[in-house]
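Participant: prediction below, plus the sequence it came from.
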Amino acid sequence: MKRVHAIPGFGLTLGITVAYLSVIVLIPLSTIFFKTAAIGIHEFFAVVAAPRTLAACRLSFFAATIAAIINSAFGVAVAWTLVRYDFPMRGAIDAMVDLPFALPTSVAGIILTALYAGNGWIGRWLTPFGVKVAFAPAGVVVALTFVGLPFVVRTLQPVLEDLDPELEEAAATLGASRLQAFTRVTLPALLPAILAGFTLAFARAIGEYGSVVFISGNLPMRTEVLPLLIMSKLEQFDYAGAAAIAMVTLLISAVLLFAANVLQRWSARRLTA
Amino acid sequence: MSIEIRNLRKIFGGFVALDNIDLAIKEGELVALLGLSGSGKTTLLRIIAGLEAPDAGSIHFRGADAGSLSVRDRRIGFVFQHYALFRHMTVFENVAFGLRVQPRGSRPSESAIRAKVHELLRMVQLDFMAHRYPSQLSGGQRQRVALARTLAIEPRILLLDEPFGSLDARVRQELRRWLRRLHRQLGITCVFVTHDQDEALELADRVVVMNAGRIEQIGSPEDVYHHPANAFVASFLGNVNLFHGRIEDGRVYLGNTSLEVGAANGSVASASGRAMLYVRPHLLEIDRVSAGPGSFPATVKSVNAAGPQVRIELVAEWGDPVSVDLGHDRFTTLELAPGAKVFLSPKENRVFVYEA
Amino acid sequence: MFENFGFTGANAPHSRRVGVGEPPGVRRALLAITFAFLGLFLFLPLAAVFTEAFAKGLGVYLAAISSQEARAAIRLTLTTAAIAVPLNVGFGLAAAWLVARFEFPGKQFLATLIDLPFSVSPVISGMLFVLLLGVRTPMGEWLADHGLRIIFAEPGIVLATIFVTFPIAARELIPVMQASGQDEEEAAIVLGASGFQMFTRVTLPNVRWGVVYGVVLCAARAMGEFGAVSVVSGHIRGATNTMPLYVEILYNDYEFSAAFAVASLLALLSIVTLTLKHAVGRRVASQIKHAGEELPRLAA
C-alpha cells in the first residue's frame, strides 16, 4: 500500500506506537504464554482442574454474575433517574457514580470490610439475623458489586440521553400504555447497552483483587476467587501454577470483552439511522 | 372530527408559547398552521394531541371536552417531524405497533393485523419494504411509513408536524400531492404545521397564520394571500414592498408623492397618523412616463430576467428600495436598463396604520 | 463547546411532556431506589473512611499520615505517577494521531491491542513483570549480575503502573482527535507550517481538553493502583510501598486508624479526581458530540 499523506507523522507515530506497545504490553504478556507452554499440557490441566482452582473458578463466576445482575437492575434505575429527572445535587451524584473507578481498590476493600464486619455499621444489623457478609461468599459479591457499579450506568447514560422522547410519545399516540411503551419501545433500545454494561462489569469482577482480598477472608475452597488464588501461588513462588490459572482468567476476560465490543457496536449501528 | 379550541394558553418558564388561542376546525378539513420558529404552532399541535398540557383554556372534540383524555385515549394520529420510527422494529412491526398494543379485548387477531398492515403498506406503496428496518429507508419512505403507522389506529384526527420539513425539494412536491389525494380519499380531519408558505397555500383548505403565540389570521389560502388582515400577514406571505409614510384624508403620503388608499382597505382610509403601505411586486405598474397622480418616480438599479417573470430592483424617489415583477413582453417593450428613470403606479395597495 | 440547554416551545424539558413522564408514584420509587442503592454503595463507604480515620482523634490521624513510612509511601506514589503519566500521555498522543489521521491495514487490530491491558486482571499485570524480570528468570539473572534490581523494588512498581495505565490516555484521546478533524491541520500545512508547528499550534490546542482528561484519569489510576503493584512490590516497609500498599500493611498490622487515615487521603484524592473528571469530561464530551452535528436541528 502506497499512499501520499498530506498530514505528516505516519512513520513517526507508527514507530512510537508499535515500539512502546511491544515493550510495555506485548513482550510482558507473551511471557505468560511461554510459561504456560513450558509446563506442558498435563501439568496445565492438573493445575486448572485441581479442586481448589475449580472452587475459585465457581466462586468467581457465581459472585461476578450476581454482582453484574445487581448492577444491571439498579444501574437502569440510576441511569434513568440521572438522565430523566431533575433533583438537587444531581451533577455531584452523577460524578460520584465513578467513585469505584477512582478509589484505590485497597481502600475500597478495607472500607467494605469495616462496614460489613460483625460489628460494622451494616454488619451489626445483619448479624442478629444470622447473615454473615464479611469473610463469606456474600462479601465477595458486595465487593464485586461495588467495583462494577459504574459500568451499566455509564454505558446506559449516553444511550438514554440520545433516546428521542418522541419515540415514547409516538408510542403513546398509537395507544400504548406507559408500561407498553417502556417494554416495547424503550427497553429494546436500551438492551444492547445494558448487556454491554453487564459484560463489562462481569469482566472487571472476574479479575478483581484489591477490594475482594480483605472482605473475603481469603479462605481456600470457600471465599477464594481466581485472582486471590493466583496471588497465593505467586507468594509460594509457584510461577507455573500462577501462569496456568492466569491463562484461563485471561481467556475468560478476552471472550467477554470481545462480546461487549460486538454488542456495543451493534447497538451503536442500530441507533444511528 | 371537529375540533374547537377556546382561550388556549401555554407558558414555558416565562415564555408565552400560546396566548389565548381560539380556533375551530371543521370535520374533514385540511388546516395548515403556518408560522416561524417559536410562533407556537408546534406547541398548539402537541396540545391538540395531548402531548402537552395547556395552562388554561379548553379543547373540545366534536363538542366533548378532551381536557381529561390521555394521549392514548384520544386516538389522534400524530406524525412527528423526524418520524420517530422505532429503530429496532421492521417497517411491518412499526405499522403493526398501534394494533398490537390495544387491550386484549379489542385487539385484532394476528391475521387481521397482518392484512391491515399490508393494506396500509400497499397504500403508501411500501409493501415490498415490509421487512426492512427504518435505517434502510430513504427520508421520503420513512415519512410514508410514519403515515401508515399512524393511519393503522384509524385516528379520528391526523396531526402532522412539519411533514415535509426534512425532505429534499422533489420528494416534497411528490409527497404534497400524495397527501392531498390521501386526505380527499379518507376525508379525515387534518392539521399540519409548516413554516413553508408555499406548502400551506398549496395544500390547505384553510390557513392559520401564527406569530408569537397568537393567531394573526385564519382564512382560505386566497384570503390570507390577497386580503392579509394585518401588516404581519402581508409581509409574511409572499414578497412585498413596504413603505413607511403618513395617512391623512384618505391618502398616504410618501416623500413628495401621495397615493390614494385603495378601496380594499375599508375603514382604514378615514384614519390619520403614521402608516405602512404594502404593495406586492407584481402589482406595481412600470411606465416611462407618469401615469397620473397615483404614480411616483423611481430609478432602476438592477434587472434579473432569469425566471418566469423579470425581477427589477429600483429605488423610489424618497430612497426606499422597491421590487417589481413584470412579464418578459412588457420588459422588452420598456427597454429597461440600470439607471433608467421610470414611474411606478400601484394597481392595488394595503395600508396598515400604526397603533398610536 | 458549550452544552446547549436552551429550549424552544417544542423542545421543552421532559417533565413537561405529558405523554412521556412516569406517574408520580413510579417516579418517587425510582428516585428512592437510586438514592438507596447509591447511598449504600457509594456514600456510606465514603462516610465510613473519614469516620474511621478520625475515630482515634486528630492527633493519631496526623501522626499516621506524617510518619516516616507514610511520607515515603506518598513520595513513591507521586514519583511513580510522575514517570508513568508523561510516558503514557505522550504515547496516547502518538497513538491517537496514528489511529485518527491515517488509514492502514491492521488499524482496528492495533486499537484492540492498545486496549489490552484493560482486560488483564491487576494481579496478572503484576505477575507478567515477575515472570519477565524476576530473580529466577534469564532476564532477571542478567539484571542481577549487573547490580540492577527491578522486581521487589521501585522500578518494578513503576513498570507495573505503566502497564496498568497504558491505554487510559490513548483511549480518551482517540475520539477527541477524531472529532477535531484534520481540516485545520491540512490548512496549516498548506500555509507552510512544519509538522512540528502544525502539531503544537493547531493539533494540541484542539485536543487540549482531551489531554487534560487523559492526564487526570491516568494520574488517578497510577496513584491508586493496588493489585499489580502489590505483586511486584515485595512489601518492603518504607522502601517499596505506595500509598495503596501502605494501607494494606497498616490494616494487616491491625493499625486500623492509621490505615483509614492514609485511606482517607486516597479517598480525598479520588474525590478531587472525580470533580476534575466531571468538569473536564463535559467539555470533552460536548467537543466530540458537536463535531458530529453538521447542522442544528430545526426547531419549530
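Facilitator: Okay, I see it. Numbering: from 1, shown residues only, chains lettered A, B, ... in the order given.
Participant: any idea how far residue C:278 lies from chain B?
Facilitator: 26 Å (C-beta to the nearest C-beta, to the nearest Å). Quick note: C-beta positions are derived from backbone N, CA and C, even for glycine.
Participant: do the same with residue A:156
Facilitator: 16 Å.
Participant: assign residue B:274 to helix, strand or coil.
Facilitator: Put simply, residue B:274 is strand when judged by DSSP: H, G, I helix; E, B strand; the rest coil.
Participant: I'd say it and residue B:246 touch.
Facilitator: Yes: assessed by C-beta atoms under 8 Å, residue B:274 is found in contact with residue B:246 at 5.8 Å.
Participant: which other residues reach the host helix or strand of residue B:145?
Facilitator: Assigned by DSSP states H and E, residue B:145 falls within helix B:139-151. Helix B:139-151 has contacts (C-beta atoms under 8 Å, 6 or more residues apart in numbering or on different chains) with A:170, A:173-174, B:77-80, B:83-85, B:91, B:94-95, B:97-98, B:117, B:120-121, B:123-126, B:129, B:134, B:137, B:158, B:163-164, B:166-168, B:171, B:174-175, B:182, B:186.
Participant: so how many other residues sit close to whatever residue of the stretch 151-300 of chain B ends up closest to chain A?
Facilitator: Nearest residue of the stretch 151-300 of chain B to chain A: residue B:153, at 5.7 Å (C-beta to the nearest C-beta). By other C-beta atoms under 10 Å in any protein chain shown, 19 other residues sit near residue B:153.
Participant: secondary structure element for the closest residue to it other than its chain neighbours, which one?
Facilitator: Nearest in space to residue B:153, with sequence neighbours left out and distances taken as C-beta to C-beta, 6 or more residues apart in numbering or on different chains, is residue B:98 at 4.0 Å. Residue B:98 belongs to helix B:91-100 when elements are defined using DSSP H and E.
Participant: counting only helices, which of the contacts of helix B:139-151 make the cut?
Facilitator: With DSSP state H as the criterion, helices contain A:170, A:173, B:91, B:94-95, B:97-98, B:117, B:120-121, B:123, B:171, B:174-175, B:182, B:186 from among the contacts of helix B:139-151.
Participant: give me the low-pLDDT residue ranges for the chain?
Facilitator: I went with chain A, as the question did not name one. Residue ranges of chain A with pLDDT under 70: A:1-5, A:267-273.
Participant: meant chain C, my bad for not saying
Facilitator: For chain C (pLDDT under 70), the answer is C:1-20, C:236-238, C:290-300.
Participant: and it, what are its domains?
Facilitator: According to automatic domain parsing, chain C comprises the domains C:2-39, C:56-299.
Participant: Serialize those to a markdown table and add fields for mean neighbour count and distance to residue B:216.
Facilitator: Output for the domains of chain C, formatted as a markdown table (neighbours: other C-beta atoms under 10 Å in any protein chain shown; distance: least, C-beta to C-beta, whole Å):
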| stretch | mean neighbour count | distance to residue B:216 |
| --- | --- | --- |
| domain C:2-39 | 15 | 17 |
| domain C:56-299 | 19 | 20 |
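Participant: what is the burial count for whichever residue of chain B sits closest to chain A?
Facilitator: Nearest residue of chain B to chain A (C-beta to the nearest C-beta) works out as residue B:98 at 3.6 Å. Neighbourhood size, residue B:98 [other C-beta under 10 Å]: 25.
Participant: show me what contacts it?
Facilitator: A:174, A:175, A:176, B:149, B:150, B:152, B:153.
Participant: which one of those residues sits in the busiest neighbourhood?
Facilitator: That'd be residue B:149 among the contacts of residue B:98, by other C-beta under 10 Å, with 31 neighbours.
Participant: and stretch B:205-215, how far from the chain's centre?
Facilitator: Counting by C-alpha atoms, centre = their mean, to the nearest Å, stretch B:205-215 is centred 8 Å from the centre of its parent chain.
Participant: among the domains of chain C, which is nearest residue A:253?
Facilitator: domain C:56-299 (4.5 Å; C-beta to C-beta).
Participant: so what's the residue count around residue B:220?
Facilitator: Neighbours of residue B:220 (other C-beta under 10 Å): 14.
Participant: can you put the domains of chain C in CSV and add distance to residue A:216?
Facilitator: Output for the domains of chain C, formatted as CSV (distance: least, C-beta to C-beta, whole Å):
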stretch, distance to residue A:216
domain C:2-39, 22
domain C:56-299, 14
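Participant: nearest to residue B:61, of those?
Facilitator: Judging the domains of chain C by C-beta to C-beta, what sits closest to residue B:61 is domain C:2-39, at 16.4 Å.
Participant: helices and strands around the host helix or strand of residue A:192, which ones?
Facilitator: Assigned by DSSP H and E, residue A:192 belongs to helix A:187-207. Packed against helix A:187-207, as judged by 3 or more C-beta pairs under 8 Å, 6 or more residues apart in numbering or on different chains; DSSP states H and E, are the following elements: helix A:51-84, helix A:137-162, helix A:226-235, helix A:239-271, helix C:122-133.
Participant: restricting to C-alpha, output the helix holding residue B:98 in CSV.
Facilitator: These are the backbone C-alpha positions of helix B:91-100, laid out as CSV (Å, rounded to 0.1, in the frame of the first residue of the first chain):
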residue,chain,number,x,y,z
VAL,B,91,-41.4,-1.5,8.8
PHE,B,92,-44.1,-4.1,9.3
GLU,B,93,-43.7,-4.1,13.1
ASN,B,94,-43.7,-0.3,13.2
VAL,B,95,-47.0,-0.2,11.4
ALA,B,96,-48.5,-3.0,13.4
PHE,B,97,-47.5,-1.4,16.7
GLY,B,98,-50.7,0.5,17.3
LEU,B,99,-52.7,-2.6,16.7
ARG,B,100,-50.6,-4.9,18.9
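Participant: circling back: among the helices and strands packed on helix A:187-207, which is the most enclosed?
Facilitator: helix C:122-133 (a mean of 27; mean count of other C-beta atoms under 10 Å in any protein chain shown).
Participant: once you drop chain neighbours, what's closest to whichever residue of chain A sits closest to chain C?
Facilitator: Proximity to chain C, evaluated over chain A using C-beta to the nearest C-beta, is greatest for residue A:207 at 2.9 Å. Leaving aside its sequence neighbours, residue A:207 sits nearest to residue C:121 (C-beta to C-beta, 6+ apart; 2.9 Å).
Participant: lowest mean pLDDT among the helices and strands, pick that one out for chain B.
Facilitator: Every helix and strand in chain B was compared by mean pLDDT, DSSP states H and E; the lowest is strand B:350-353, with a mean of 78.
Participant: what is the burial count for residue 208?
Facilitator: Unless you meant another one, I'm taking chain A. When neighbours are counted by other C-beta under 10 Å, residue A:208 comes out with 31.
Participant: oops, I was thinking of chain B
Facilitator: 24.
Participant: surely it is in contact with residue B:34?
Facilitator: Yes: in this structure, residue B:208 is within contact of residue B:34 by C-beta under 8 Å, at 6.7 Å.
Participant: now do the shared contacts for those two.
Facilitator: residue B:41.
Participant: next up, the contacts around residue 136.
Facilitator: You didn't pick a chain, so chain A it is. A:217, A:222, A:223.
Participant: switch to chain C, that's the one I care about
Facilitator: Residue C:136 touches A:237, A:239, counting by C-beta under 8 Å, 6+ apart.
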